[in-house]
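Participant: kindly generate the corresponding structure for this input.
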Amino acid sequence: MDLLPDVWRQDYWLPPGVTWKDMEQLADSDRARPQDLLIALPLALGFVALRCMFERFFAPPMGRCLGVKNRLQVIVAPSPKLESFYTRQSRQPTQSEIVSLMSLCGKTQRQIETWFRLRRNQDRPCQTKKFGEAAWRFFFYITAFTGGLVCLIDRPWFWDRGECWRQYPVQPMERAHYWYYMLELGFYGSLLLRISVDIRRKDFKEQVIHHLATIFLLSFSYCANYIRIGTLVMLLHDSSDILLESAKMFNYATGWRKTCDTLFVVFAVVFLVTRLVIFPSKIIHTTLVLSMETFEPFVGYYFFNILLMVLQALHIFWAGLILRMVYKFLKGKLEKDERSDEESEVEEEEEDKGGEENADQEGDYCWERSKDTLNSKLSMLTNSCVLNNLTNHRASVADRMRKAQ
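Facilitator: The predicted structure is shown next:
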């Protein structure tokens with residue numbers, strides 16, 4: 001706290017009438033200290049390394065057991081000029097850019113459009129990559145949820161929310177809760193470090209906001225000794241994330257459609273109940289209302305509740321996506337995740353167009369074959385008629401000669 005003393009002013013972090021010296025009544029092992037957060041960075045790097053090992057050595061055998069298969073991709077023909085345009089300017093050229101590329105490369109419009117479509121398909125994430133990412137998150141969430149439930153189920157604030165503020169802020173911290181905090185903080189830090197190389201989905205911006213809000217929320221709640229309510233927030237979020245990642249795993253597999261649909265229905269129910277009912281009515285109500293029975297508002301009180309409101313806004317956004325998926329599921333039209341990678345819809349439309357073009361080409365080819373067959377039959381018929389005429393003519397000539405004799 002000697003560094004940046006203005007940041008650690010006690011009226012920012014603690015309620016009125018409480019000082020940092022009051023916090024020193026607790027032993028060092030029982031007190032949350034800001035410098036403890038420094039361990040989150042090596043933990044984040046360790047999670048990144050552990051994830052690389054998991055996705056390389058453990059996820060592929062699991063995927064093969066569940067029948068995860070990659071789509072066959074056509075390798076695009078090398079074209080330095082088109083590749084330069086693709087990497088430096090745009091992945092989807094406009095009509096005017098296509099015209100300029102036609103004169104530059106000496107290709108037709110259809111050839112250029114096909115080249116860019118195939119090139120984009122090469123960059124799309126494969127099913128095994130998606131499965132590995134979902135499997136890694138599933139194993140972390142189920143481990144964190146199980147560990148968190150074990151260390152919280154017999155604590156008084158798990159059953160009585162008023163216990164979150166009893167004798168606050170002089171509340172001893174258990175080592176299990178310390179590691180629960182640090183592991184969750186390290187995991188979300190690893191997600192933020194890997195977000196540039198992970199699968200880019202439609203809710204990319206919302207994911208970044210979520211990770212940042214979670215990291216700030218965990219860091220502030222730890223320094224301000226909001227640990228009791230913070231553990232409840234983490235446990236509540238992990239409960240539905242387990243079902244989400246497991247449903248995605250079976251969605252990428254082959255032959256598990258009923259299992260995927262069942263997990264998706266259970267996930268939708270759990271998400272809507274925990275994020276739209278329990279979170280605002282229990283968690284936010286505890287921090288916003290019940291806490292005022294113990295202390296008066298201060299800067300940290302407003303900051304913490306604003307972060308909770310940001311999370312709630314993201315919950316509402318994702319709930320809208322889930323309800324859209326539920327609607328499509330009931331209509332029998334749900335084929336993919338609403339949060340799928342951002343180019344999937346465009347690529348699927350292009351594949352449909354490509355399929356129509358192929359169908360047209362196949363139709364032209366079939367017509368050409370039919371025309372060739374018809375011409376050959378007509379020529380055979382003509383030849384047959386000519387031969388019959390010659391035969392009849394010879395027969396009539398021979399008959400006339402016999403009559404003349």
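Participant: going forward, measure contacts and count neighbours with C-alpha atoms only.
Facilitator: Noted.
Participant: next, Pro297: secondary structure please.
Facilitator: coil (DSSP: H, G, I helix; E, B strand; the rest coil).
Participant: list the contacts for it?
Facilitator: If you count contacts by CA atoms under 8 Å, 6 or more residues apart in numbering, Pro297 has them with Pro15, Pro16.
Participant: could you measure from it over to Asn305?
Facilitator: For Pro297, the distance to Asn305 (CA to CA, to the nearest Å) stands at 11 Å.
Participant: now do Leu104
Facilitator: With CA to CA as the criterion, Leu104 and Asn305 are 58 Å apart.
Participant: those two - which one has more neighbours?
Facilitator: Applying other CA atoms under 10 Å to Leu104 and Asn305 shows that Asn305 carries more neighbours, namely 16 against 11.
Participant: could you verify my assumption that the more buried one touches Thr286?
Facilitator: No: using CA atoms under 8 Å, Asn305 is not in contact with Thr286, being 10.2 Å away.
Participant: number of nearby residues for Lys81?
Facilitator: Per other CA under 10 Å, the neighbour tally for Lys81 reads 11.
Participant: you'd agree it is in a helix?
Facilitator: Yes: checked against three-state DSSP, Lys81 lies within a helix.
Participant: so how far is Ser100 from it?
Facilitator: Lys81 is 12 Å from Ser100, by CA to CA.
Participant: what of Pro60?
Facilitator: Separation of Pro60 from Ser100 (CA to CA): 44 Å.
Participant: comparing the two, which residue is more hemmed in?
Facilitator: Pro60 (17 against 11).
Participant: distance check, that one against Phe131.
Facilitator: 9 Å.
Participant: Tyr181 too?
Facilitator: From Tyr181 to Phe131 the distance is 27 Å (CA to CA).
Participant: do the same with Tyr252
Facilitator: Tyr252 is 6 Å from Phe131, where distance means CA to CA.
Participant: next one: Ala144
Facilitator: Taken as CA to CA, the span from Ala144 to Phe131 is 20 Å.
Participant: more neighbours: those two, which one.
Facilitator: Phe131 (24 against 20).
Participant: got a pLDDT number for that one?
Facilitator: At Phe131, the model reports a pLDDT of 94.
Participant: now it, what's its secondary structure?
Facilitator: What three-state DSSP gives for Phe131 is helix.
Participant: could you find the closest non-adjacent residue to it?
Facilitator: Met249 (5.5 Å; CA to CA, 6 or more residues apart in numbering).
Participant: tell me, how many residues neighbour that neighbour?
Facilitator: Neighbour count for Met249, taken as other CA under 10 Å: 25.
Participant: what about it, which helix or strand?
Facilitator: Take DSSP states H and E as the rule and Met249 turns out to sit in helix 227-252.
Participant: tell me what whichever helix or strand comes after that helix is packed against?
Facilitator: Following helix 227-252 in sequence order, the next helix or strand is helix 257-273 (DSSP H and E). On a contact count with 3 or more CA pairs under 8 Å, 6 or more residues apart in numbering; DSSP states H and E, helix 257-273 meets helix 227-252, helix 299-331.
Participant: how about a cut-off of 7 Å?
Facilitator: Other helices and strands packing on helix 257-273, by 3 or more CA pairs under 7 Å, 6 or more residues apart in numbering; DSSP states H and E, are helix 227-252.
Participant: the helix it packs on to helix 299-331, inter-axis angle?
Facilitator: If you take axes from the mean of the first three to the mean of the last three CA atoms, to 10 degrees, helix 227-252 sits at 20 degrees to helix 299-331.
Participant: what angle do helix 257-273 and helix 227-252 make with each other?
Facilitator: 160 degrees.
Participant: report the distance from helix 227-252 to the chain centre.
Facilitator: Between the centre of helix 227-252 and the centre of its chain there are 14 Å (CA atoms, centre = their mean, to the nearest Å).
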